[in-house]
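1. task: produce atomic coordinates for the following.
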Amino acid sequence: METSASLKAIGAASAIEEKLREIVGAASVRAASLADAISDQHARIVVEPGSDQELASVLRLANEVGLAVIPRGGGTKPDWGNTPTRADLILSTARLAKVIEHVWADLTVTVEAGCTLQRLQDALSQHGQRLALDPLWPERATVGGVLSTNDSGALRLRFGSLRDLIIGVTIALPDGTLASSGGKVVKNVAGYDLPKLMTGALGTLGVITRAVFRLHPLPKIAQSFSARMSNLETAQRALHSVQNSKLAHAAMQVRAAGDVPPEVDVLFEGTKAGLAAQATHLKKSLDPVVVAEAPASVWSARQELWFTSDSAVIAKISLLPASIANGMETVRRVADHHKIRWKAVAEATGIGWLRLDGSPHYLHVAFRELRTEFESRGGSLAVLHRPAGFAPLEAWGNAGDALPLMRAVKRQFDSKSTLNPGRFVGGI
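-> Numbers count the residues shown, from 1 in each chain. A predicted model of the protein is given here:
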């Protein structure tokens, strides 16, 4: 027989669900399924608002009644960060998918958070423009999700990071306030640069509902080149040579794995005549290394690290650009010692992506060793994916002196820890 306490709990839950249906409509509220789980946390309900006002109202209600809210876009990165300490309601942006305004003459676009990157790029391409961004899984990843995870690829070398490309944002705060900052301002939150603050915050401060980006023209032609190096030190010298030249490259990366010789990839964009000149200059710069034209698929190497990843640890690396070779040599040494396989892609900016394959025990030991070495050199190693059986580990590593400030900002924006509780640095 149900106890009176459990009956009250069921009644309260039913009343909350009814209020949610009144806000967004009955068709946009459903029970969460196993497919909606975040790591080992299972939410009770999924809500899909149809406007930023509806989203803000749902968030206010959840905050008032003490529900833990997990914002979700395309669901491409559920493992990133720590496992949430609680998960009651998944707040989906699936219905917020419009390209609101493309001012092509000013090279800006305003877009809702649930729009996928591929859909946005398709719309921009009709005017010969693009968002110069190459995140993972663009056909499914959404604007809000990409911003929240700060996911960008090798194009950041030429066009800057997400924080350079975003010029305005609108967010829903836990108390139901809609706040904007930057371009197309509706209401400012004094004292905070919201676009930069929300980028990489993993949805722990507010829920992004729309964003404004600066755009760039689509290139007339793009051409990739690859050069196989004898060792990582040679690859590092090649990076320096290209970076210190007058070449106008858009992206550059190093691919390395196990005992396979590393390869350096370079991307050029421009006109046919311009690319021919760039190719000639590149070959002279890297002589006597052989430089050959490469397929565009080399820039998918980062995404390929996730293929059949059930037995792998996948991590994001941050190093000084001049320390890429040393970082990869450290990975090689530790991996060989523990008899685990490894593969890495490092961009010329010093941001890299690492995959380790092996038994969960040795993966855990090796990862801890690598994190200690990377952090001792001013770098970082953040877990993005971990296999079953991998012992608990702080996803982000040591936040150092920044953690008290991060906690203070969290309290300012989300005093009840309603949004993604525990998922960010230091369990914020």
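
2. any idea which strand is longest in the protein?
-> Ordering each strand of the chain by length in residues (DSSP state E) puts strand 260-270 first.

3. packing partners of that strand?
-> Applying 3 or more Cβ pairs under 8 Å, 6 or more residues apart in numbering; DSSP states H and E, we find strand 260-270 packed against strand 221-228, helix 232-243, strand 249-257, helix 272-286. Yep, even glycine has a C-beta here, placed from its N, CA and C like the rest.

4. and T349, helix, strand or coil?
-> Following DSSP: H, G, I helix; E, B strand; the rest coil, the label given to T349 is coil.

5. ok, now which ones touch it?
-> Each residue near T349 by Cβ atoms under 8 Å, 6 or more residues apart in numbering is listed here: R156, L157, P321.

6. let's go with 10 Å and repeat that
-> Going by Cβ atoms under 10 Å, 6 or more residues apart in numbering, T349 touches 152, 154, 156-157, 160-161, 251-253, 318-319, 321, 324.

7. from those residues, which two are the most distant?
-> Pairwise distances across the contacts of T349 (Cβ to Cβ) peak at 19.5 Å, for the pair G160 and I324.

8. beta partners for V291?
-> Going by DSSP bridges, V291 is paired in beta bridges with A227.

9. what's the burial count for it?
-> Counted by other Cβ atoms under 10 Å, the residues lying close to V291 total 19.

10. quick check, it in contact with L247.
-> No. V291 lies out of contact with L247 (Cβ atoms under 10 Å); the separation is 11.8 Å.

11. which residues of this protein score low on pLDDT?
-> Low-confidence segments of the chain (pLDDT under 70): 1-12, 183-192.

12. per-domain residue ranges of it.
-> Per automatic domain parsing, the domain ranges recorded for the chain read 4-92, 99-217, 221-301, 305-385.

13. so for A408, which of those domains sits nearest?
-> domain 99-217 (11.7 Å).

14. pull the distance from the closest one to the chain's centre.
-> Computed by Cα atoms, centre = their mean, to the nearest Å, the chain-centroid distance of domain 99-217 equals 12 Å.

15. quick one: end-to-end distance for that domain.
-> Domain 99-217 has an end-to-end distance of 18 Å (criterion: Cα to Cα, to the nearest Å).

16. quick one: common contacting residues for V291 and L247?
-> Contacts common to V291 and L247, judged by Cβ under 10 Å, 6+ apart, are V266, A279, L282, S285.

17. how close does the third one sit to D401?
-> What it means is L282. In this view, L282 and D401 are 42 Å apart by Cβ to Cβ, to the nearest Å.

18. what's the answer for the last one, then?
-> From S285 across to D401, the span is 41 Å (Cβ to Cβ).

19. fine, thanks again, bye for now.
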